[in-house]
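1. What shape does this take:
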Amino acid sequence: MPDRFTVDHLETWRREGGVVIENFFTPEEVAAVVADFDLIHGAAQGGEAALDRKKKGEVGRFHPAQFTLIQPAPIDCSPALNLIGVRPDLIRFAQAALGTDDVHVYQCQAWAKFTGEADYDQPFHCDFSNHTLTAPSEDAHLNSVTILCYFTDVTEAHGPAHYVRRTDSAKVGGPELSLSTDRAVQARLQSDLRPYEQSTAAPAGSIFPYGIDVYHRGTNLTAPHGRRYAVMSCFKAAANEAIGYHAWPFHHHQPWARIFDHATPDQLDCFGVPRPGHRFWTLLTLARAQVRYPNWDLTPYRQALGMSATGPRLARARTRG
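-> The predicted structure follows:
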C-alpha cells in the first residue's frame with residue numbers, strides 16, 4: 001500500500017463515504033501548485049471581511065459568485081497545477097476505492113476562494129444530481145470518488161467543506177431526500193443534518209475523498225485576507241458511462257499541450273487517451289497526434305508498435321489549408 005494513504009483510510013471511505021487524509025502531498029508539490037494559483041489569480045489574499053448575507057441561523061444557499069473562480073483543466077500555467085489532479089498516488093487511491101485499475105477522471109478543476117469575494121456558505125447537498133442522470137448505486141464501484149485537495153492551510157475560518165458521515169445521514173434520510181423541492185422538507189433536512197456535520201479543515205497538502213451520495217456543503221471564509229486554494233478531481237471506472245461531467249474534447253480550445261507535453265501514459269489514460277499498445281495506435285494515428293501536439297513524447301506509444309523513438313511524422317504542411 002502506498003505510504004500516502006492506508007487501508008484504514010480506504011475502509012473509512014467505504015463505510016462513511018468520506019475521509020480526511022492529512023499531508024498527502026509533499027511541501028514541494030504544494031509550493032509549486034500555490035505558485036500557479038498565485039500566477040493565475042494575480043493575488044495571494046482576499047478582502048478584510050467576509051460577505052455574509054444570511055439571516056442569523058439561516059442555512060446557506062447557492063450563489064453564482066461562489067463558482068466564479070473555478071477553472072477546469074487544462075489551465076494556462078505550469079504542469080504543477082495541470083497534473084496534480086492526476087498525481088499517481090491520487091490515481092492509485094481512486095483505483096483502490098473503485099476496485100478497478102482502469103479509471104478515468106471526468107472532472108478536474110482548480111477552485112480559488114478569497115475572503116470577501118462571495119458568500120460561500122451552502123446548504124447540505126449530494127453531488128449525484130449533476131454527476132449522473134439516475135441515482136447513486138448500492139455498489140460503490142459503480143459510483144465515483146471525488147477528491148478535494150487543499151493547497152493552503154484550511155482552518156474553520158478558511159472555508160473547509162463540511163460533510164455528514166454516511167452512518168449518521170442514514171438516521172436522517174437517504175441522498176434522494178436532497179432532491180425534494182418542498183421547502184419544508186428541505187428546511188427539516190438541513191436542520192436534522194447540522195448536528196452531525198464534520199469539518200474537513202486540514203493543513204495544506206491534505207485531501208478529502210468523498211462519494212456522490214454523501215451530504216456535504218461549502219462554508220464561508222471569515223479569516224481577514226483569507227484564501228483557499230483547492231483542486232477537485234473526480235474519478236470513475238472507465239467503463240462506467242452512467243457517471244459524467246466534463247466532455248474533455250468539447251474543451252479543445254483550452255491549452256491541452258500543457259498536459260500532453262508533460263503527462264505520463266497513465267495520466268493521459270485517465271483523460272481517455274488510449275494506452276500504448278492499444279489498437280487505436282497505428283503509424284497514421286501516431287503521426288497525426290504528433291502534428292496536433294508537436295512536443296508530445298510519443299516514445300512509449302511508438303515502442304509498443306516496435307518502432308524507433310522518432311518514427312515517421314506527417315509534414316506539418318499537410319495540416320494547412
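
2. For the lowest-mean-pLDDT helix or strand in the chain, which strands pair with it and how are they oriented?
-> None of the helices or strands of the chain scores lower by mean pLDDT, DSSP states H and E than strand 70-72, at a mean of 90. Within its sheet, strand 70-72 is paired with strand 103-114 (antiparallel), according to DSSP bridges.

3. so after the partner strand, what's the next helix or strand?
-> Downstream of strand 103-114, the next assigned helix or strand under DSSP states H and E is strand 144-150.

4. who does that next one pair up with?
-> If you go by DSSP bridges, strand 144-150 pairs up with strand 207-211 (antiparallel), strand 227-237 (antiparallel).

5. Among those strands, single out whichever gets nearest to residue 70.
-> strand 227-237 (8.4 Å; CB to CB). (Each C-beta comes from the backbone N, C-alpha and C, glycine too.)

6. Mind giving me the packing neighbours of the helix or strand that comes right after that closest one?
-> Downstream of strand 227-237, the first helix or strand assigned by DSSP H and E is helix 257-260. Applying 3 or more CB pairs under 8 Å, 6 or more residues apart in numbering; DSSP states H and E, one finds that helix 257-260 contacts helix 79-84, helix 265-270.

7. need those in a markdown table with mean neighbour count and mean pLDDT, can you?
-> Below are those laid out as a markdown table (neighbours: other CB atoms under 10 Å; pLDDT from 0 to 100):
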| stretch | mean neighbour count | mean pLDDT |
| --- | --- | --- |
| helix 79-84 | 21 | 97 |
| helix 265-270 | 19 | 95 |
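
8. Take the strands paired with strand 144-150 and write them to JSON lines, including distance to residue 244, mean neighbour count and mean pLDDT.
-> Output for the strands paired with strand 144-150, formatted as JSON lines (distance: least, CB to CB, whole Å; neighbours: other CB atoms under 10 Å; pLDDT from 0 to 100):
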{"stretch": "strand 207-211", "distance to residue 244": "16", "mean neighbour count": "26", "mean pLDDT": "97"}
{"stretch": "strand 227-237", "distance to residue 244": "8", "mean neighbour count": "25", "mean pLDDT": "96"}
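
9. Now render those as JSON lines, adding distance to residue 166.
-> As requested, the strands paired with strand 144-150 are exported to JSON lines (distance: least, CB to CB, whole Å):
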{"stretch": "strand 207-211", "distance to residue 166": "8"}
{"stretch": "strand 227-237", "distance to residue 166": "18"}
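
10. of all the helices and strands packed on helix 257-260, which lies closest to residue 194?
-> helix 79-84 (32.6 Å).

11. ok, then the element right after the closest one?
-> Assignment by DSSP H and E places the next element after helix 79-84 at helix 88-98.

12. now that following helix, how far from the centre of its chain.
-> Its chain's C-alpha centre and that of helix 88-98 lie 13 Å apart, by CA atoms, centre = their mean, to the nearest Å.

13. which helices and strands sit right next to it?
-> helix 7-16, strand 103-114, strand 144-150, strand 207-211, strand 227-237, helix 265-270.

14. Report the angle between the fifth one and helix 88-98.
-> Taking axes from the mean of the first three to the mean of the last three CA atoms, to 10 degrees, one finds that strand 227-237 is oriented at 50 degrees with respect to helix 88-98.

15. cool, the third one as well?
-> Using the same axes, to 10 degrees, the interaxial angle of strand 144-150 with respect to helix 88-98 works out to 150 degrees.

16. Over to the longest one?
-> Inter-element angle recorded for strand 103-114 and helix 88-98: 120 degrees (by the same axes, to 10 degrees).

17. ditto for the first one
-> Angle between the axes of helix 7-16 and helix 88-98 is 50 degrees (criterion: the same axes, to 10 degrees).
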